[in-house]
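A.B. asks: Sharing a sequence plus its predicted fold:
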Amino acid sequence: MPLNAYLNFNGNTREVVHFYADVFGLPAPELMTFGSMPANPEHPLPPGAENLIMHARLRIGGSDLMFSDTFPGMPFEAGNNFSLALVLTDEQALRDAFAKLKEGGSVLLDLQAMPWSPCYGQLTDKFGIQWQFSLEQNA
């Protein structure tokens, strides 16, 4: 059961990811931008945000370190710009963990299908830790 750190940045994720890839001798990572996702009329993408990084991942020493730019308009605070990403292949275990961690916390995005995962959600637990949950399909 991987538990990955997810780092958020304020518009410079592309630079950060390439820097870490160079530091650790890794190939250039694939970068998913906010503009590469299907448009959602309920949450339109602000002008100029198309090239911001929505998701990138580097495998360093056997662990995944994930990265994203903060969505325009969302708060950003350096030093507090991380979340824990729980990635499971067992949907019931993912839903159980989500249900338990949301007690006393706040749901940012309820579990739902997304283009990259059939079951994805975000919450902040009662201790102020932000969590991302993602169901990974078996290949």
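C.D. replies: Happy to help now that I have it. Owing to the predicted nature of the structure, the values given are computational and were not obtained by experimental measurement. Numbering: from 1, shown residues only.

A.B. asks: Mind pulling the model confidence for Gln122?
C.D. replies: Among the per-residue scores, Gln122 shows a pLDDT of 96.

A.B. asks: Give me the contacts around stretch 39-58.
C.D. replies: Applying C-beta atoms under 8 Å, 6 or more residues apart in numbering, the set of residues contacting stretch 39-58 from outside is 11, 13-14, 17, 20-21, 24, 26, 29-37, 64-69, 71-73, 116. For every residue, glycine as well, the C-beta is placed using N, CA and C.

A.B. asks: Quick one: mean pLDDT for it?
C.D. replies: With pLDDT averaged residue by residue, stretch 39-58 scores 89.

A.B. asks: what does stretch 100-107 give?
C.D. replies: Mean pLDDT, taken over the full extent of stretch 100-107, equals 92.

A.B. asks: The residue lying farthest from the centre of the chain: what secondary structure?
C.D. replies: Distance from the centre of the chain peaks at Gly25, with 23.2 Å (C-alpha atoms, centre = their mean). Reducing the assignment at Gly25 to three states with DSSP: H, G, I helix; E, B strand; the rest coil gives coil.

A.B. asks: That one and Val17, how far apart?
C.D. replies: Here the criterion is C-beta to C-beta, to the nearest Å. By it, Gly25 lies 14 Å from Val17.

A.B. asks: What of Leu109?
C.D. replies: Distance of Leu109 to Val17, computed by C-beta to C-beta: 23 Å.

A.B. asks: Look at the two and report which has more neighbours.
C.D. replies: More neighbours surround Val17 than the other of Leu109 and Val17, with 25 against 12 (other C-beta atoms under 10 Å).
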